[in-house]
Each structure stands twice: as structure tokens, then as C-alpha cells.
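*Asks:* sequence and predicted model, in that order:
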Amino acid sequence: QAIFFGKAGCSQCHVARGEGGFIASDLSSYASTPSASDIRDAITDPNRNLDPRKRTVTVLTGGGQTLTGIARNEDNFSLQLQTPDGTLHLLAKPELQSIKYLPRSLMPDDYASRLSRQELDDLVSYLVSIARGKSKRKADPE
């Protein structure tokens with residue numbers, strides 16, 4: 001938990017058990033099915049099996065402003081982009097100078113070097129423990 005909310009900074013983007021950021025996936029139940037090895041790989045190589053809906057999008061507005069984030073909604077005429085600070089930007093495509101869809105996640109890809117093997121193990125263990133704890137719901141008091 002200390003690594004998730006501290007050194008690794010996962011909680012800046014991800015939420016776990018109702019705490020944390022909101023641009024990335026809720027990890028409260030994520031680790032309920034993948035193996036520990038698969039979880040570690042997802043942390044250290046976030047671009048390997050990247051869901052195209054979670055790739056990084058960078059736009060250059062007509063006014064010259066660069067925005068980077070995740071496309072939350074898109075059609076032929078508009079793009080709703082959520083930036084890491086949580087702001088949703090509704091952008092008219094004809095008013096944009098450029099839109100670039102990058103084949104990478106917003107998630108940092110340097111955790112293998114930023115965290116020790118033990119810290120990665122601890123982070124994986126934390127994710128597994130909250131996923132298992134989430135499946136055990138307490139009965140509502142009557």
C-alpha cells in the first residue's frame with residue numbers, strides 16, 4: 001500500500017478501494033484473475049497489450065495549445081479528451097491543428113528501474129490482497 005500511494009505514485013492516476021486518481025483504471029479488483037507474473041508485466045511493460053481505447057492522444061489546438069490525455073468520447077466532429085489533471089476538454093475537430101494517437105499508455109514504463117524487485121513484489125501483493133478483499137463483502141447491518 002505504501003508503494004502504491006507513495007514511491008510508485010500509482011494513486012495519482014489509479015484508484016484502489018475508493019482512494020486515488022481518476023484518469024486510469026480502478027484497480028480495486030484488477031488482480032483477482034491475472035497471475036502475479038502477468039500483473040508484474042503489466043506494471044513494468046504497460047504498452048505490451050495496450051487497449052487502443054487507453055492509448056495516449058496529443059492534440060494541438062488552433063490556438064497553439066498542446067493537450068495530452070485519453071480520448072473519452074470521439075466522433076467524426078469532436079473529441080472529448082481527459083487530461084491527467086482530470087479536466088475534460090470538448091474539442092471540435094475542425095478547429096484542431098493536429099491529433100496524434102500514440103501507441104503508448106500514459107502510464108510510466110520505467111517501473112522496472114524505478115522500483116526494486118522487492119518493491120514490485122510488494123506492489124503486486126498489495127493489488128492481489130485488495131482484489132481478494134473486495135470479493136469478500138461484509139453483510140449489511142440490519
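*Replies:* Received the coordinates, thanks. Residues are numbered from 1 along each chain as shown.

*Asks:* so who does P108 touch?
*Replies:* Residues near P108 by CB atoms under 8 Å, 6 or more residues apart in numbering: 46, 114. All C-beta spots, glycine's among them, are computed from the backbone N, C-alpha and C.

*Asks:* measure K93 to D121 for me?
*Replies:* Distance, K93 to D121, by CB to CB, to the nearest Å: 45 Å.

*Asks:* next one: S32
*Replies:* 18 Å.

*Asks:* all the strands of the protein, residue numbers only.
*Replies:* 15-16, 19-20, 55-61, 66-74, 78-82, 88-92, 96-105 (DSSP state E).

*Asks:* what helices or strands is the fifth one leaning on?
*Replies:* In this case it means strand 78-82. For strand 78-82, the packing partners by 3 or more CB pairs under 8 Å, 6 or more residues apart in numbering; DSSP states H and E come out as strand 55-61, strand 66-74, strand 88-92.

*Asks:* find the nearest non-adjacent residue to the residue most central in space within the chain, please.
*Replies:* The centroid of the chain falls nearest to A24 when counting by CA atoms, centre = their mean (2.8 Å). Closest residue in space to A24, ignoring its immediate chain neighbours: C13 at 3.9 Å, by CB to CB, 6 or more residues apart in numbering.

*Asks:* what separates that neighbour from K93, distance-wise?
*Replies:* Where K93 is concerned, C13 sits at a distance of 26 Å (CB to CB).

*Asks:* identify the residues contacting L79.
*Replies:* Here L79 is in contact with 57, 59, 71, 73, 90-91, 93, 96, 99 (CB under 8 Å, 6+ apart).

*Asks:* repeat that with 7 Å
*Replies:* Neighbouring residues of L79 by CB atoms under 7 Å, 6 or more residues apart in numbering: 59, 71, 91, 93, 99.

*Asks:* elements contacting the helix or strand bottoming out on mean pLDDT in the chain?
*Replies:* None of the helices or strands of the chain scores lower by mean pLDDT, DSSP states H and E than helix 117-135, at a mean of 89. Contact here means 3 or more CB pairs under 7 Å, 6 or more residues apart in numbering; DSSP states H and E; on that basis helix 117-135 packs against helix 2-5, helix 36-44.
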